[in-house]
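Engineer: give the three-dimensional model of this entry:
(2 chains)
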Amino acid sequence: MRLQSITMTNFRQFKETQRFDLRSDTVKPVTLIFGANGAGKTTLLNAFSWALYGKMSDDVEHQQRLVTDSVWRATAIGNAVEVGVEIVFDHEGHDYRVQRRARMHKESDQQSPIAPDPQMWITKPDGSSELVGAPQEMIHTILPHGVSRFFFFNGERIENLVKKGAHSEVQQDIKVLLDLEQVARALVHLPKVDRKLTADIRKHGGDKASDIQKSIDDLNDRKTPLREESKALESNLATLDEERESVMNLLRQHSETAPIQKQRDDVTNELDEARRSLATALSERANLIATRGFLAFTEDLTNSTKAMADAMYQKGALPAPLKREFVDQLLDEGECICGTPLAANTEPWKKVTNWRQRAGLQAVETVWQRLSGQIDPMTSDRRSLRDELGQSMKRIGDQRDRVSRLEETKSELDGKLRDIRLENVQSLESKRIDLDNRRSDKERQIGAVNHDLEQITKDIEQKTKDRKNAEVTDELAIKARARSELVQNVRRALEEILEIRKDDMRRRLDEELKSVFRSITHKNYVPSLSEGFELTLHTNVDGVQLPVPKSTGENQILSLSFVAAVSKLAREIRKERRAEGQAAADAGTYPIVMDAAFGSLDHDYQEAVSRALAQMAPQLVVLVSKSQGLGKVADELNPYVSHLGVIESHTNLTSKPEDDIELRGYSHPYIRHAASEFSSLKEITS
Amino acid sequence: MSSAGRIERQVLEELSEEEQTLLKRVLQIERAKLNVSAYDATDDLLAVVKEIIP
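Structural biologist: As a prediction, the model looks like this:
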């Protein structure tokens, strides 16, 4: 999706019809629009989501007041006024025009809420336009609403994308963008397809195949409620986590408990780390024992083997450089190398046979040498095993001590919090304990349900194999079985593809996030995207990763980095050759439209963010105030700007001085006095 | 990467031609109806299976 233009008609601050060209190219992807506070930057941002989805962001006050106040005031009761937004964009080789407009009849000074449907046209290659039948569906196909928040956002609220508790929602939205959702949906529908197909096996498959199919169906019937139960339990767990986090936050904010809570947080983090280290040490020891543990029992064995080999060595001088095979060959051929015939039981035959015995000792010597070569180092291997096991045991002991020390400290701190004689602190602490217990309970239940699900899946796999081998004579049933096999194989492949994509997506998002974040911040902070899609920030202190508290500025940079990573990955993923087939050239391309992108960042960060932004998206519309956008921001973005605009703000407050904005060496009206309040969107072309 | 370190292409290559066709069509159908959460593609997918094995 690449934006071409936006046209607003009497939309909020924007009086009459105002159009702005947004076409940009890869060299100059940026449109930079300046506007004073209240001029309509947020309105412009919301105009996009209103036109596309019929919604403005929740924080917009008086959502029903769509028509410019001054225009509504000037409209006589009984008359009507036009309001609307039109967006022109291209997507995957087609041009689209979306329009949401209404004619509002004035019945009072208050505006009634309206929800006009969108209209959409697609331009055909011959230049003619055709109305799209289900426009809202088409818009959702191009950019689903849940995903749009990554591309149309308010910088001051961008933290919401990565705030605690938002990750599960974010994870869901990203799934659509990065080609996971269709796989997940296919996995819901394919079993239903299979069920319909196998009806014929149940009916006509003969005794055995029919019975097997019934068992498979029963197992599937059991699976569905279990899956739902698992989902519900996961969701309960997430709710408990959020509740627990909010209780913890309240405890953290409480002045009496804040220091103890802080101490407990630190101890809890350290305890988690200590438990992980203990687990690692235990698994290292297990690995050591599994791979080299046998060495401990080889002392007597090697000594006796060596003694035996030494005795054998001492027994004979083993001088003969003869191989037993050579002597055997002479005996077989019945003639010695000197030409003497070797008839059985003759004297020469006996002599050569005796050599055969002695030649065998040569082999013994070789083996003895090889064996000695292996026995000797075993002593030192045993010693090193003992040393390593000793070290491992020490590490385990140390970590055990650390864990129990930290558990004691945590208990002390828990006790302190419990004993604080403040009613709300005690109740919060009791609530926390209760939530912890309920969490553990839920985790146990999830474990049990998932175990049952795994077992059922295995049973179904086995039954499906049995079905394959069962005798079926009926034509319909044979065909049904072949079709079912086809569906099952595709389902299994899709399950694997989903896992591969999920893992690949998280890993790549994490890498990209780190890279963008590093290019903006000067701090030694490393962001990470966990498997559960939680964003955390760490710093490296002497080789140990420690979590760091995020300031508002860092949260904003973290969020911007995340949006940048999502945008880049969406493009990359759609371009790759996938199971869905070749994608269009601009697949996965979306504009980023951001209001107040720089929020409360300091000047250095503003500069770094501007630089990163210019490279962040294939198309970027940045809405800024004079104080946010001039100076370093304008300098950084200027080489990439294809359209420069100003929202000229008109005020009827004469006490407020008029103001200009200096852009590209020229002065342009920024705030002007007028008879009524409204804004105009003007492109700076000079 | 999955636990076995496999990539998507490997999974696809292990499928027969018929299975590859079905998998591709399934994803195309599901993707086209992604925005309609209530849409149940079962019958569409069933028709595709019957096309592949008539």
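
Engineer: and chain A, which residues reach chain B?
Structural biologist: Counting by CB under 8 Å from any CB of the partner chain, chain A comes close to chain B at A:137, A:139-141, A:144, A:176, A:179, A:181-183, A:185-186, A:189-190, A:192-193, A:196-197, A:479, A:482-483, A:486-487, A:489-490, A:493-494, A:496-497, A:499-501, A:503-504, A:507, A:577-581. (Each C-beta comes from the backbone N, C-alpha and C, glycine too.)

Engineer: give me the buried entries from those.
Structural biologist: Applying 16 or more other CB atoms under 10 Å in any protein chain shown to these, the neighbour count classes A:137, A:139-141, A:144, A:176, A:179, A:181-183, A:185-186, A:189-190, A:192-193, A:196-197, A:479, A:483, A:486-487, A:489-490, A:493-494, A:496-497, A:499-501, A:504, A:578-580 as buried.

Engineer: spell out which parts of chain B neighbour chain A.
Structural biologist: By the criterion of CB under 8 Å from any CB, the positions of chain B lying close to chain A are B:1-2, B:6-9, B:11-12, B:14-16, B:18-19, B:22-24, B:26-28, B:30-32, B:34-36, B:40-42, B:45-46, B:49-50, B:52-53.

Engineer: now the buried members of those residues.
Structural biologist: The buried subset of those - by 16+ other CB under 10 Å - is B:2, B:8, B:11-12, B:15, B:19, B:22-24, B:26-27, B:30-31, B:34-35, B:41-42, B:45-46, B:49, B:52-53.

Engineer: the longest helix in chain B is where?
Structural biologist: Counting residues, the longest helix found in chain B (DSSP state H) is helix B:17-32.

Engineer: which elements pack onto it?
Structural biologist: Helix B:17-32 sits against helix A:181-197, helix A:475-520, helix B:42-52, with contacts defined as 3 or more CB pairs under 8 Å, 6 or more residues apart in numbering or on different chains; DSSP states H and E.

Engineer: between those helices, which one is closest to A:Phe11.
Structural biologist: In terms of CB to CB, the element of these nearest to A:Phe11 is helix A:181-197, at 32.3 Å.

Engineer: which residues are contacting the closest one?
Structural biologist: A:175, A:217, A:220, A:480, A:483-484, A:487-488, A:490-491, A:494-495, A:497-498, A:501, A:580, B:26-27, B:30-31, B:34, B:40-42, B:45-46, B:49 (CB atoms under 8 Å, 6 or more residues apart in numbering or on different chains).

Engineer: residues in contact with A:Ile139?
Structural biologist: Applying CB under 8 Å, 6+ apart, one finds that A:Ile139 lies in contact with A:52-53, A:98, A:118, A:120, B:35.

Engineer: go with 7 Å
Structural biologist: With CB atoms under 7 Å, 6 or more residues apart in numbering or on different chains as the criterion, the residues that contact A:Ile139 are A:52, A:98, A:118.

Engineer: and for A:Asp211?
Structural biologist: Going by CB under 7 Å, 6+ apart, A:Asp211 touches no other residue.

Engineer: tell me if it really is in a helix.
Structural biologist: Yes - A:Asp211 sits within a helix when classified using DSSP: H, G, I helix; E, B strand; the rest coil.

Engineer: quick one: it and A:Lys203, what's the gap?
Structural biologist: Summarising the geometry, the distance separating A:Asp211 from A:Lys203, computed by CB to CB, to the nearest Å, is 13 Å.

Engineer: do the same with B:Thr21
Structural biologist: When CB to CB is applied, the distance between B:Thr21 and A:Lys203 equals 27 Å.

Engineer: higher neighbour count, these two?
Structural biologist: Looking at B:Thr21 and A:Lys203 with other CB atoms under 10 Å in any protein chain shown, you find the greater number of neighbours at B:Thr21, namely 16 against 13.

Engineer: could you check how far the spatially most central residue of chain B is from A:Val487?
Structural biologist: Closest residue to the average C-alpha location of chain B: B:Leu23 at 2.5 Å, with CA atoms, centre = their mean. When distance is defined by CB to CB, B:Leu23 is 10 Å away from A:Val487.

Engineer: max-length helix in chain A?
Structural biologist: With DSSP H as the criterion, chain A gives helix A:347-419 as its longest helix.

Engineer: residues contacting A:Ala286?
Structural biologist: Residues counted as contacts of A:Ala286 (CB under 7 Å, 6+ apart): none.

Engineer: got the domain ranges for chain A?
Structural biologist: Listed by the TED database, the domain ranges of chain A are A:2-143+A:590-684, A:257-310+A:379-421.

Engineer: so which of the ones you listed is nearest A:Lys231?
Structural biologist: Among those, domain A:2-143+A:590-684 comes nearest to A:Lys231, with 23.7 Å by CB to CB.

Engineer: now the end-to-end length of that closest one.
Structural biologist: With CA to CA, to the nearest Å as the measure, the ends of domain A:2-143+A:590-684 fall 21 Å from one another.

Engineer: how distant is that domain from the center of its chain?
Structural biologist: Centre-to-centre, domain A:2-143+A:590-684 and its host chain are 31 Å apart (CA atoms, centre = their mean, to the nearest Å).

Engineer: what's the neighbour count on the residue lying closest to A:Ala596 once chain neighbours are set aside?
Structural biologist: Taking CB to CB, 6 or more residues apart in numbering or on different chains, and ignoring the residues beside it in sequence, A:Ala596 has A:Gly155 as its nearest neighbour in space, at 4.1 Å. With neighbours defined by other CB under 10 Å, the count for A:Gly155 comes to 23.

Engineer: pLDDT score for A:Gly155?
Structural biologist: Reported pLDDT at A:Gly155 in the predicted model: 72.

Engineer: again, but for A:Ser440
Structural biologist: 92.

Engineer: ranges for the helices of the stretch 1-150 of chain A?
Structural biologist: Counting by DSSP state H, counting those that start in this stretch, the stretch 1-150 of chain A has helices at residues A:41-53, A:69-74, A:135-142, A:145-148.

Engineer: for A:Glu408, find the nearest of those.
Structural biologist: Of all those, helix A:145-148 sits nearest to A:Glu408, with 46.4 Å by CB to CB.

Engineer: which residues does A:Glu229 contact?
Structural biologist: For A:Glu229, the contact set (CB under 7 Å, 6+ apart) comprises A:Val449.

Engineer: phi, psi of it?
Structural biologist: phi -60, psi -40 (degrees, to the nearest 10).

Engineer: how close does it sit to A:Leu453?
Structural biologist: In this structure, A:Glu229 and A:Leu453 are 9 Å apart, going by CB to CB.

Engineer: same question for A:Ala209.
Structural biologist: With CB to CB as the criterion, A:Ala209 and A:Leu453 are 25 Å apart.

Engineer: so for stretch A:121-141, what gets flagged as buried?
Structural biologist: By neighbour count, and taking 16+ other CB under 10 Å as the criterion, the buried residues in stretch A:121-141 are A:121-122, A:132, A:135-141.

Engineer: reformat those as a markdown table; add distance to A:Glu256 and pLDDT.
Structural biologist: Output for the buried residues of stretch A:121-141, formatted as a markdown table (distance: CB to CB, whole Å; pLDDT from 0 to 100):
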| residue | distance to A:Glu256 | pLDDT |
| --- | --- | --- |
| A:Trp121 | 64 | 95 |
| A:Ile122 | 64 | 93 |
| A:Val132 | 61 | 89 |
| A:Pro135 | 58 | 89 |
| A:Gln136 | 53 | 89 |
| A:Glu137 | 55 | 82 |
| A:Met138 | 57 | 85 |
| A:Ile139 | 52 | 90 |
| A:His140 | 50 | 83 |
| A:Thr141 | 55 | 79 |
